[in-house]
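Peer 1: I need the structure of the sequence given here:
(chains A, B and C)
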Amino acid sequence: MEVFVVSLLNGLVYGMLLFMLASGLTLILSMMGVLNFAHASAYMLGAYFAYTVSLYVGFWPALIIAPLLCGLIGAGLEMYGLRQVHRHGHIPELLFTFGVALIIEKVVQMTWGLIPVPYRIPSGLDFPLFTIYGTQFPAYRAFMLLISALMFVAIWLGLTRTRIGLIIQAALTHPDMVGALGHNVPRVFTMVFAAGTALAGLAGVIGGNYRVTEPGMAFSMGPIVFVVVVFGGLGSLTGCFIASIMMGLIQTFAVVLDYSFADLLEVFGVIVTKATPGAEFLLVSLPRIGALLPFILLVLILVLRPRGLMGTRDT
Amino acid sequence: MSDQGKAGAAIQLTNVRKSFGRTEIIRDVNLTIPRGQRHAIIGPNGAGKTTLFNLISGRFPLTSGSITVNGRDIAGLAPQQINHLGLSRSFQITSIFPRMSVFENIRCGLLWSRDYRYSFWRLLGSQRALNEAADQLLERLNLHNRRNRPAGLLSYAEQRALEIGITIAGGADVILLDEPTAGMSHSETDYAQQLIRSISDGKTLLMVEHDMGVVFGLADIITVLVYGEVIASDTPANIRANRAVQAAYLGEEAA
Amino acid sequence: MSPLALLRRHWVWLAILFVMLAMPFAFYDWSRGRHSGFALTLMSEMALMAVFALSYNMLMGQAGLLSFGHAILFGIGAYFTAHTLNWIKASDILWIPTELIPLAGGVGGVVCGIIAGYVATQQRATAFAMITLGLGELMTAAALMFITFFGGEGGITTDRVIGSSIFGVAYTSAWQVYCLLVVWSLIAAILMHLQTQTPLGRIANATRDNYERTQFVGYDPRVVRYWQFILSGFFAGIAGGLYTLVYEIVTFDTLAAVKSANGLLAAYIGGAGGFFGPVLGAVVVVGLQSGISLYTSAWLLYLGILFIVMVLYAPGGLIGVIGQHAPIARMGRMRELLMPYARALPPAVITTAGFVTLIELATHRTIGAAQGKKLALLGIPMDSADMMPWVVAVGLAVAGTLWLRVEARRFRLRWNALIEDAKALGIVS
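Peer 2: Residues are numbered from 1 along each chain as shown, chains lettered A, B, ... in the order given. Down below sits the predicted model:
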């Protein structure tokens, strides 16, 4: 029972972190049709910027400055890069973001080195909030939940209550029509791209010290975020939210539940030994498959239900 | 029309309805186009003419009703399967293979009908009959001097001619042309009209057009579509005199 | 066609054959009578990458399909070949001539292509790319899990010397293996070239140009792409089989995303539009990888920058850039570009020098210094802790960029004028 509750909480935290990343990507992909390979790179930059800034002025200013820097970079990329490639089609756009991701990873390695940097949880938040079933639940995780929840509310309010938000909502599902109606779609695009990138940066700020901050984090986090976006479906932030939480829970529980197919078969009285044909498959435990699960889901979703959970458009 | 006449129809639309969401675009259209007829559909913009084409060629699914092509119900068929029934269409917005040469464009149109299928063991360079047929069609389209140009570099009218060429290359006996003369100058339109007449000889032609000169010059029967409904379907002379059609689309003749 | 005419038509292939066989002799150690191991390895890598990139371009350039998981076809081919060699060694009855072993790779690639292709071609464009990405990650993760076929982290080792050559060659020396590699690479490339001129090849182009139109000339674009995927898997698998013969060990990095990315970079940088682009791209990418990496650890960054520059300004790749000169060459006015190029060269060199210095300084500061390396560019020793080199580098970069913009503008004017003249003469690119 305790494992369940603790895993549930951890899964929620991870899921909300994923949502912060995936929401920006969903917005960008839905509106502009661009699969932004560099999105996870913004996550990485957010963590690294926060690390450096907090070395000088502390964590709390970093919480604001790092995402801002990421947003500026995003705006620059969109205005001087994406817009140029846009007329060549979707594939060059994809390739451009892919190249940017490569370069950012290298630049990060060059600037901060190859080994993980000691980006730590600020001492002000480094205490156990409560104890549940004998395990301590750190206050920082509650803080992460708080920030991501605030973000969700802010996005929701921004999209539904402001004029620009309504335009963005419309452009999510009918980008061409919005342009035809006379709105400055390029400016909206730049804004959304910058906002999405800033959001990813913010995720990096709070996630970087929760997990490890190292140059490979973009390429390890990236594919999982893609899975969430596809799973949730295009044009729907609610779908993205559900998918994020689901993915967070799945990945967290998979690590904890040390079972395999062989164990399942044992319930039915079938014993699997090393000599059994296919033993290799049957004996693989869930934690080890954990790395595979998101991609199996990705492939299944794209083949069976390309709209994802709640998508309004096909990818 | 007798049942036997219906069965022999090239295209048969029965109680066809099409809605996008809550908006009904095509409302209960019934139409029979017998083999060998040259049939034009006219009507104001937004009447649903291109939607009708898209339904017949399998681009959109029907909301209700049925469509048969050469006697076969096309419900659930993919566009290429409908093509195999003998129907081919052109597009309002030119739809060719821009990076391939003009010759290659036509040749692609010929491949399936000549049973090449997905062969990766035959070299096209040595297929004499195929290449000759493609060249002959290019002559007919008056595009032979553009043979090796990338299709995307052709002039607009040349691309429209190529579009028609690709449409008929496969030897379809039911030809759908969606605004073939759109955007053409007077002389280009005259040429296109002649071309269309020659390629539809002995075949069934269904055409959407705005140029009344072309319509009245080519069509055996004209159907008038307004707000997704057929308000008249008759010979050109009768359509011209039809009051409802004049009110909705053609306008009164100048006194 | 007379033999001479045939030779003239296909001079490119003969030239490539000649270069591939002759180049290693430029590095030949005449005193000791043997080939340079480095040269052979480098050229082998280029040949392998060329075949891999050509097979990749069957999808990207020919069919308009962007794949991020192409390496799995290569890797499965490599593993398959390794197991085949090991079976032959262990069995008394199984006999396959060494010369035909790469076909085993081809078979592996086809099997993988049938399965992966069926899944991937269900979707188009971005969704296709994501499925291939997912499949690539899946396969890489699976490789570490299922030891029997993949051998875990250590991989599968094998021995190419199975004594079954039909020409009586032992394949014990690097040169013999290299020759086999050259022959097979050419065969694979020629076959892929022929394939572009088949009905399937042309219709694959059609699906790239206009998916819907392909339907309306009677083809199912998904089936077309599925076939193209399988064939591309065959050739990628052959490249994998050749890899196994050369290195005699296969590990999971033959499946990894990095390998797929390399193929993508090679095909794109070289030029995806024509046929030979990927070959040129492979030479460039491997050259940078193996050559520049000896001097700097930032070679991947240079590759990335080159890639981005191509995406932004030269989507046709290097071949495309060269090809754009064709109308001017046909007019016989190439020498009018001599001056503009010459004028643009100095600022280009200065800008490059500035940025390269900056990158090298930064790399040295964080990575190199920790590894105890000393930094020396063009023989000038530099200390990355000093201010001076940084200031100089920034100055060069900024000044060079400004000057380059001026010259680039002038170049553009001259270029546009020449192209206009070409158009007026009816010469089209």
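
Peer 1: next one: phi and psi at C:Phe216?
Peer 2: phi -80, psi 0 (degrees, to the nearest 10).

Peer 1: that one and chain B, how far apart?
Peer 2: 6 Å (CB to the nearest CB, to the nearest Å). C-beta coordinates here come from the backbone N, C-alpha and C atoms, glycine included.

Peer 1: that residue and B:Gln80, how far apart?
Peer 2: Between C:Phe216 and B:Gln80 the computed distance is 7 Å (CB to CB, to the nearest Å).

Peer 1: again, but for C:Ile359
Peer 2: 52 Å.

Peer 1: if we can go back for a sec, compare C:Phe216 and B:Gln80 (neighbour count), which wins?
Peer 2: Taking neighbours as other CB atoms under 10 Å in any protein chain shown, C:Phe216 and B:Gln80 compare with C:Phe216 leading, 27 against 19.

Peer 1: for the chain, what helix or strand is lowest in average pLDDT?
Peer 2: Because you didn't say which chain, this covers chain A. Lowest by mean pLDDT, DSSP states H and E among the helices and strands of chain A is helix A:279-283, with a mean of 69.

Peer 1: what's the neighbour count on the residue nearest to A:Met221 when sequence neighbours are not counted?
Peer 2: Leaving aside its sequence neighbours, A:Met221 sits nearest to A:Ala40 (CB to CB, 6 or more residues apart in numbering or on different chains; 4.8 Å). Counted with other CB under 10 Å, the neighbours of A:Ala40 add up to 27.

Peer 1: need the three-state assignment for A:Ala40.
Peer 2: At A:Ala40 the chain is in helix, as set by DSSP: H, G, I helix; E, B strand; the rest coil.

Peer 1: can you give me how far stretch C:407-423 is from the chain middle?
Peer 2: Relative to its chain's centre, stretch C:407-423 lies at 31 Å (CA atoms, centre = their mean, to the nearest Å).

Peer 1: residues of it that come out buried?
Peer 2: C:407, C:411, C:415, C:418-419, C:422 (16 or more other CB atoms under 10 Å in any protein chain shown).

Peer 1: quick check: C:His193 touching C:Pro278?
Peer 2: No - contact between C:His193 and C:Pro278 fails when scored by CB atoms under 8 Å: they sit 11.5 Å apart.

Peer 1: in the stretch 301-429 of chain C, where is pLDDT below threshold?
Peer 2: By pLDDT under 70, the weakly predicted segments of the stretch 301-429 of chain C are C:367-379, C:384, C:428-429.

Peer 1: and the residue of chain B nearest chain A?
Peer 2: Taking CB to the nearest CB, chain A has its nearest neighbour within chain B at B:Gly21, 11.6 Å off.

Peer 1: could you point out the helix or strand that follows the least confident helix or strand of chain A?
Peer 2: Reading on from helix A:279-283 to the C-terminus, the next helix or strand found by DSSP states H and E is helix A:286-289.

Peer 1: need the mean per-residue confidence for that following helix.
Peer 2: Mean pLDDT, helix A:286-289: 75.

Peer 1: same deal with stretch C:209-225?
Peer 2: Averaged across stretch C:209-225, the pLDDT comes to 93.

Peer 1: quick one: buried residues of it?
Peer 2: C:209-211, C:213-225.

Peer 1: can I get it in PDB, CA atoms only?
Peer 2: These are the backbone C-alpha positions of stretch C:209-225, laid out as PDB (Å, rounded to 0.1, in the frame of the first residue of the first chain):
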ATOM      1  CA  ASP C 209       5.700  15.400 -55.200                       C
ATOM      2  CA  ASN C 210       2.000  14.900 -54.900                       C
ATOM      3  CA  TYR C 211       0.500  12.200 -52.600                       C
ATOM      4  CA  GLU C 212      -3.100  12.700 -53.800                       C
ATOM      5  CA  ARG C 213      -2.400  12.900 -57.500                       C
ATOM      6  CA  THR C 214      -0.700   9.500 -57.200                       C
ATOM      7  CA  GLN C 215      -3.900   8.100 -55.900                       C
ATOM      8  CA  PHE C 216      -5.700   9.500 -58.900                       C
ATOM      9  CA  VAL C 217      -3.400   7.900 -61.400                       C
ATOM     10  CA  GLY C 218      -4.400   4.500 -59.900                       C
ATOM     11  CA  TYR C 219      -1.700   3.900 -57.200                       C
ATOM     12  CA  ASP C 220      -2.000   3.300 -53.500                       C
ATOM     13  CA  PRO C 221       0.700   5.600 -52.200                       C
ATOM     14  CA  ARG C 222       1.000   3.600 -49.000                       C
ATOM     15  CA  VAL C 223       1.800   0.400 -50.900                       C
ATOM     16  CA  VAL C 224       4.300   2.300 -53.000                       C
ATOM     17  CA  ARG C 225       6.000   3.600 -49.900                       C
END
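
Peer 1: related to what we said a few turns ago, pipe the buried residues of stretch C:407-423 into TSV and attach secondary structure per row.
Peer 2: Output for those, formatted as TSV (three-state DSSP):
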residue	secondary structure
C:Glu407	helix
C:Phe411	helix
C:Trp415	helix
C:Leu418	helix
C:Ile419	helix
C:Ala422	helix
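
Peer 1: what residues does the stretch 251-400 of chain C have near chain B?
Peer 2: Residues of the stretch 251-400 of chain C lying near chain B by CB under 8 Å from any CB of the partner chain: C:Gly273.

Peer 1: circling back: most widely separated two among the buried residues of stretch C:407-423?
Peer 2: Greatest spacing in the buried residues of stretch C:407-423, by CB to CB: C:Glu407 and C:Ala422 (22.4 Å).

Peer 1: ok, stretch B:140-151 near chain C or not?
Peer 2: Yes - in terms of CB under 8 Å from any CB, part of stretch B:140-151 sits within range of chain C, namely B:Arg149.

Peer 1: can you give me the strands in the stretch 1-150 of chain B?
Peer 2: Along the stretch 1-150 of chain B, counting by DSSP state E, counting those that start in this stretch, strands occupy B:9-20, B:23-34, B:38-42, B:64-69, B:72-73, B:87-89.

Peer 1: tell me which of these sits nearest to A:Gly24.
Peer 2: By CB to CB (comparing all of the strands of the stretch 1-150 of chain B), the closest turns out to be strand B:9-20, at 30.9 Å.

Peer 1: show residues contacting that closest one.
Peer 2: B:6, B:24-37, B:48, B:51-52, B:55-56, B:60, B:62-71, B:87, B:173-174, B:204, B:206, B:228 (CB atoms under 8 Å, 6 or more residues apart in numbering or on different chains).

Peer 1: so what pLDDT did residue 116 get?
Peer 2: All of this is about chain A. 84.

Peer 1: right idea, wrong chain: chain C
Peer 2: Reported pLDDT for C:Ala116: 94.

Peer 1: contacts for stretch A:41-50, please.
Peer 2: Outside of stretch A:41-50, the residues within contact range by CB under 8 Å, 6+ apart are A:21, A:59, A:62-63, A:65-67, A:69-70, A:73-74, A:100-101, A:104-105, A:108, A:111-112, A:117, A:119, A:197-198, A:200-205, A:207-209, A:213, A:215, A:217-218, A:221-222.

Peer 1: show me where the chain has strands.
Peer 2: If you meant another chain, say so; for now it's chain A. For chain A, applying DSSP state E gives strands covering A:128-132, A:135-138.

Peer 1: um, chain C though
Peer 2: C:156-157, C:249-250, C:375-377, C:380-382.

Peer 1: all set, thanks.
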